[in-house]
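Asks: Return a 3D structure for these sequence lines:
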Amino acid sequence: MVYSIILACAALVAKASAECSREFLQGATAAYVQAQAAGDHSLPALASNISYLENDAVKDVKEGILSQAITIDFNRSLHDTTQCATFTEISAATNKVPYVIHTRMLFTDEKLTTLQSVVAHDGDWAFNATGQLYWTKQEKWDPIPEANRDARDVIQAAGDSYLDSWSDGTVKVPYGTPCARLEGGMYTGASNPATNTCFMPQFPEKFEIKNRRYIIDEEVGGLDIFNDFPFIDTKKPEGTPSTNFIRVEGGKIRYIHEVTVCTTRNCGR
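Replies: As a prediction, this is how the structure comes out:
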C-alpha cells in the first residue's frame, strides 16, 4: 500500500514538472524558428547538458543545421503542454540549399534538454521542397473548437494505426474524407481534393516501425511521430530517420506529411 502511494506521488511529481503553458511553448517555437533563420545555435533556455540528434546521429549542436542561416518560407508548430514539448516543420524551398526540417524540442523545468531534427534535402525520399511548400500552405490547421477536440489517446491511436497498416493490411485506419498525404513533395490530394487519398497499401514484407516518439497538440488535432522507417532505404533496411506529421479531426485523419531521409539518392529506389 505504501509502495503504491509512493509510486502515485512520484508520477504526480513527474507530470507536474513536465507540464508547461502553451504560451511558453509558443515562445519557444518562435525563438527556434528565429534562431534557425539566423544560424544561431545558442537558443534561449538552453540546458548545459542538451541532447542533440540530427537524422538520428548524435552531434554537437554548434555543428548541426541550426548553425546555418536558412531562408524560411513557411513554418508550422505543435505545442504539447502535457509533455512540455514542441514540434516544428520548416519549409525552406528558396534557400540556397532547399530543406524541409522537422524538429522536436523537449523541456524540463522550462530548460531545453532535448533537440532532435530530421533534415531532408535533395536526394531524400520524394524530396521536392517547392512542391512541399506549395501544398503545405494550402492546408488549414486552425484550432479546433474545444468541445470538438479529440483526446490525446485518440490522436495518437490514429497515427499509430496508420504506421501499423504499412505492414499489416488488416489494421483499420480512421481516414477522413477528405484526407490528403504530402510525401516529400508529392501531394495525393491534388487531383481529388474532396476524397480520401491517404490510403497506404500494405508493403510486400512484414516489418515493425520502432523508436516512435510523439508530440501531441489537442488544440489543432496535431500529432508528430519521429520513427525509424524500415524497408524503404535499400542501404539501411533496419530503419532510416523519418517523421509523420498528422492532423486529426473528429477522430479521423485529415492530413499527413511524411519526411524520410535516405542514405543513397531516393533511398536506392
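Asks: Which stretches in the stretch 101-250 of the chain count as helices?
Replies: Ranges of helices in the stretch 101-250 of the chain, per DSSP state H, counting those that start in this stretch, are 129-138, 152-165.
Asks: C20 is nearest to which of those?
Replies: Closest of the helices of the stretch 101-250 of the chain to C20 is helix 152-165, at 15.7 Å (criterion: C-beta to C-beta). In short, each C-beta sits where N, CA and C put it, glycine included.
Asks: shaky segments in the stretch 151-269 of the chain?
Replies: Along the stretch 151-269 of the chain, no part satisfies pLDDT under 70.
Asks: For the closest residue in space to L182 that isn't next to it in sequence, grab the count of nearby residues.
Replies: Leaving aside its chain neighbours, L182 sits nearest to H257 (4.7 Å; criterion: C-beta to C-beta, 6 or more residues apart in numbering). H257 has 24 neighbours, counted by other C-beta atoms under 10 Å.
Asks: Now do the helix or strand hosting H257 against helix 129-138, angle only.
Replies: Secondary structure assignment for H257, by DSSP states H and E: strand 252-260. Using axes from the mean of the first three to the mean of the last three C-alpha atoms, to 10 degrees, the inter-axis angle of strand 252-260 relative to helix 129-138 is 160 degrees.
Asks: Give the other helices and strands that strand 252-260 contacts.
Replies: For strand 252-260, the contact count by 3 or more C-beta pairs under 8 Å, 6 or more residues apart in numbering; DSSP states H and E identifies strand 111-120, helix 152-165, strand 175-183, strand 240-249 as packing neighbours.
Asks: can you tell me which residues contact the residue nearest to L182?
Replies: Residues near H257 by C-beta atoms under 8 Å, 6 or more residues apart in numbering: E89, Q132, T136, R181, L182, N244, F245, I246.
Asks: ok, which pair from those is furthest apart?
Replies: Pairwise distances across the contacts of H257 (C-beta to C-beta) peak at 15.6 Å, for the pair Q132 and I246.
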